[in-house]
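Enquirer: Pasting a predicted model and its sequence here:
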Amino acid sequence: MSAARPGVTEEQRRRNLRTAIVLASIVAAFFFGIMLKYWALNQ
């Protein structure tokens, strides 16, 4: 997976970056929720 493909426009790169950020934040929120659940159950 190369970052500098010749066929990718600036708009596509921005859209891909935004999608990656959205997915990463969903994963982070899910992980944080699981950690919070286990912390709450162990209190």
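Expert: Everything's here; your move.
Enquirer: Tell me who's in contact with the most centrally placed residue in the chain.
Expert: Most central in the chain under Cα atoms, centre = their mean is Ala24, positioned 1.1 Å from the mean C-alpha point. Listed by Cβ atoms under 8 Å, 6 or more residues apart in numbering, Ala24 has no contact partners. Using the backbone N, CA and C atoms, a C-beta is placed for each residue, glycine as well.
Enquirer: what about the chain, any weak spots by pLDDT?
Expert: Low-confidence segments of the chain, defined by pLDDT under 70, span residues 1-5.
Enquirer: swap the cut-off to 80 and go again
Expert: For the chain, residues meeting the criterion pLDDT under 80 lie at 1-6.
Enquirer: mind checking how far stretch 36-43 is from the chain centre?
Expert: The offset between the C-alpha centroid of stretch 36-43 and the centroid of the whole chain comes to 24 Å, using Cα atoms, centre = their mean, to the nearest Å.
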